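Novice: sequence first, then the predicted structure, then my questions.
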Amino acid sequence: MLEYVRKTPEGFIQVCEDQEVRIVDLPLSRYLQTLALRGLSTLKGRLEAVRKVLAIKAKIPVPCDRNTLLFPLRGLRSDRALYLNYHAVSSYHKHGEGQVVVMFHGGHQMLADGFDSFQNSYLKAKCVAAYLKEQ
């Protein structure tokens with residue numbers, strides 16, 4: 001299962017899937033577009049649908065497939081962009097001054113900045129997941 005995708009300082013993307021990290025030489029937007037196209041739609045179309053149907057205006061989660069719902073901690077254009085898979089997160093808790101520890105179903109964890117930002121994005125993803133479950 002895809003756990004997270006993030007930009008590296010060198011301009012590549014780091015993909016963590018099934019607890020294995022690999023480097024991919026693609027822009028993040030192109031990688032997300034590839035995931036969207038597997039479901040026969042574009043990244044722009046998915047973002048626009050979530051925006052219109054659920055009235056989410058910023059840091060929009062990207063539903064890719066049944067097991068992949070990516071939500072941003074840092075936006076797509078950020079040089080430190082980071083997207084986590086909602087379905088891969090088993091739990092999270094606050095750590096220190098505003099950081100968050102994210103536990104994944106595979107048993108590993110990651111430390112990220114911005115607990116409040118994480119929580120807001122996670123709740124948006126939860127809303128998208130609930131909507132998709134009803135359909």
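Specialist: Yep, that arrived.
Novice: check which residues of stretch 17-37 are buried.
Specialist: By neighbour count with 16 or more other C-beta atoms under 10 Å, stretch 17-37 contains the buried residues 17, 28, 31-32, 35-36. All C-beta atoms are positioned from the backbone trio N, CA, C, and that covers glycine.
Novice: same list (those residues) but as TSV, adding pLDDT, secondary structure and distance to L70.
Specialist: Shown next, in TSV, are the buried residues of stretch 17-37 (pLDDT from 0 to 100; DSSP: H, G, I helix; E, B strand; the rest coil; distance: C-beta to C-beta, whole Å):
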residue	pLDDT	secondary structure	distance to L70
E17	94	strand	12
L28	94	helix	10
Y31	96	helix	10
L32	96	helix	7
L35	95	helix	8
A36	95	helix	10
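Novice: which of these sits closest to K57?
Specialist: Each of the buried residues of stretch 17-37 was checked against K57 using C-beta to C-beta; the closest is L32, at 18.6 Å.
Novice: what about the spatially closest residue to the closest one that is not a sequence neighbour, distance to Y122?
Specialist: Take L32 and drop its neighbours on the chain: the residue closest to it by C-beta to C-beta, 6 or more residues apart in numbering is L43, 5.1 Å away. Applying C-beta to C-beta, to the nearest Å, one obtains 21 Å for the distance of L43 from Y122.
Novice: alright, calling it a day.
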